[in-house]
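**Q** Quick one: sequence plus predicted model below, questions after.
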Amino acid sequence: MIHVLVNAGSEKFSLYGFSIDYPSACRIELNSKSSRETGDVTFHFPNKERVILIWGDLAKAQKRFHTVEGHAEHGIRRIATSGPVKTCERVNKTSIELNSHTAAYNHIKVNQSVSIFAKNKTATREGYSLHLHCQNSSRYFIISTLLSSNAPEDFGELMKAMISSFKCH
């Protein structure tokens with residue numbers, strides 16, 4: 001399914017000086033409260049998966065997180081301690097160079113309860129995230145997805161393609 005989306009062509013989303021390529025089959029939803037300083041945009045895929053791009057004030061983030069890795073760890077802890085999550089394991093953690101910045105890339109697997117009535121029934125979900133601190137634009141960026149249990153197996157490759165196209169300044 002994802003190969004079809006990638007081969008169907010991509011388009012460039014550009015706003016407030018940053019940009020990312022996304023499959024043209026996506027529907028884009030910009031948070032109405034978004035501004036140059038802070039906000040988010042969601043790329044909705046036809047198969048119900050979604051990728052979220054978040055941006056915010058870098059100075060505020062750096063008061064809480066001294067490094068981009070610390071910022072990423074905080075995000076993973078938030079997922080691991082959310083209501084239905086039973087287990088959260090990191091599959092991959094790496095630093096990548098993107099637009100002259102060192103960014104934190106993570107791949108996780110989450111087991112979570114499917115229903116409050118079926119206590120032993122769980123579903124496995126995979127998540128991918130990139131955290132980037134950009135001094136040039138004075139913003140931080142997070143690109144993330146938490147896939148459904150029936151997501152295409154190669155969605156991670158599409159996520160990597162979107163990340164590699166990202167320009168923060």
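**A** That came through fine. Because the structure is predicted, anything quoted here is derived from the model rather than measured.

**Q** distance of residue 93 from residue 128?
**A** Using C-beta to C-beta, to the nearest Å, residue 93 is found at 11 Å from residue 128. Any C-beta I mention is one placed from the backbone N, CA and C, and that applies to glycine too.

**Q** what touches both of the two?
**A** Residues touching both residue 93 and residue 128 (C-beta atoms under 8 Å, 6 or more residues apart in numbering) are 105-107.

**Q** Out of the residues you listed, the closest to residue 52 would be?
**A** For the shared contacts of residue 93 and residue 128, the residue nearest residue 52 by C-beta to C-beta is residue 106; the value is 14.5 Å.

**Q** Output the helix or strand hosting the closest one as CSV, nothing but the C-alphas.
**A** Per DSSP states H and E, residue 106 falls inside strand 101-113. C-alpha atoms of strand 101-113 as CSV (Å, rounded to 0.1, in the frame of the first residue of the first chain):
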residue,chain,number,x,y,z
HIS,A,101,21.6,19.9,12.9
THR,A,102,21.9,16.7,14.9
ALA,A,103,18.4,15.2,15.3
ALA,A,104,17.2,12.3,17.5
TYR,A,105,15.4,9.5,15.6
ASN,A,106,13.5,6.8,17.5
HIS,A,107,11.5,3.7,16.5
ILE,A,108,9.4,2.1,19.3
LYS,A,109,7.0,-0.8,19.7
VAL,A,110,4.0,-0.4,22.1
ASN,A,111,1.7,-3.0,23.4
GLN,A,112,-1.6,-1.6,24.6
SER,A,113,-4.9,-2.8,25.8
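
**Q** After that strand, which helix or strand is next?
**A** Counting by DSSP H and E, what follows strand 101-113 is strand 122-134.
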